[in-house]
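K.L.:
Mind looking at a prediction? Sequence and model below.
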Amino acid sequence: MDHSGHYREHLPTTEAAVGALHTIAAQYGLEIEVTHDIGADRTSRRSAAGFGVTTDPDGSLPHEAYAEFSGVPRVSVRLFPEDDALITVEGVAFHDVPRDDVPGFLHSVFGGLSHVRGRRFPPAASLVVPLPGDRTYREHLAAHLLTPWLSSRVR
């Protein structure tokens, strides 16, 4: 439990994070499709791996996964072997989200806590995703690219 009284699950592996994604999908009645890339020659950040090289120097197999959730908002998660993730919500990319923050992030999005914060002058908008413990992720939006879901979240 963190200092705010919320549970924050430690996800030591990509497989543990994929299990958490399946649990979240079930909680919100969403379908999820997951693809896996295993081996240094298959993961996106390991393009420097030589031909036929599948393991890291320590002998382990790096594991990357990509998940897409059904429904609205459109959400995808790419889990990297380096303990971080890229989460995309309605085309808005949140880079370098720590793997342990992914469940809280998704609960905020699917649970209706995330919102778009707009400003009239100078015109600007951001997608804000609050997490337990007074932590927040925020990404700038191009106002002309607001999807119907993003427009419905404007505060």
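P.N.:
Perfect, I can see it now.

K.L.:
Would you mind listing the buried residues in the longest helix along the chain?
P.N.:
Longest helix in the chain by number of residues, with DSSP state H as the criterion: helix 14-27. With burial defined by 16 or more other C-beta atoms under 10 Å, the residues of helix 14-27 counted as buried are Thr14, Ala17, Val18, Ala20, Leu21, Ile24, Ala25. Just so you know, the C-beta spots here come from the backbone N, C-alpha and C atoms, and that holds for glycine as well.

K.L.:
Ramachandran angles for the residue nearest to the last one when sequence neighbours are not counted?
P.N.:
So that's Ala25. Sequence neighbours aside, Ile32 is the residue nearest to Ala25 in space, at 4.0 Å (criterion: C-beta to C-beta, 6 or more residues apart in numbering). Here is the backbone geometry of Ile32 (degrees, to the nearest 10): phi -140, psi 140.

K.L.:
Contact partners for Ile32?
P.N.:
Ile32 makes contact with Leu21, His22, Ala25, Ala67, Glu68, Phe69, Ser70, according to C-beta atoms under 8 Å, 6 or more residues apart in numbering.

K.L.:
In a markdown table, list these along with pLDDT.
P.N.:
Formatted as a markdown table, those follow (pLDDT from 0 to 100):
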| residue | pLDDT |
| --- | --- |
| Leu21 | 98 |
| His22 | 98 |
| Ala25 | 98 |
| Ala67 | 97 |
| Glu68 | 98 |
| Phe69 | 98 |
| Ser70 | 97 |
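
K.L.:
Can I get those residues in TSV including distance to Ile38?
P.N.:
Formatted as TSV, the contacts of Ile32 follow (distance: C-beta to C-beta, whole Å):
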residue	distance to Ile38
Leu21	17
His22	18
Ala25	21
Ala67	15
Glu68	19
Phe69	22
Ser70	25
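
K.L.:
just checking, Ser76 touches Ala85?
P.N.:
No. If you go by C-beta atoms under 8 Å, Ser76 and Ala85 don't touch, sitting 10.1 Å apart.

K.L.:
that older thread, ok, the residue nearest to Ala25 to Ser114 distance?
P.N.:
Per C-beta to C-beta, to the nearest Å, Ile32 is found 19 Å from Ser114.

K.L.:
rewinding a little: of the contacts of Ile32, closest to Arg99?
P.N.:
For the contacts of Ile32, the closest approach to Arg99 (C-beta to C-beta) belongs to Leu21, at 10.8 Å.
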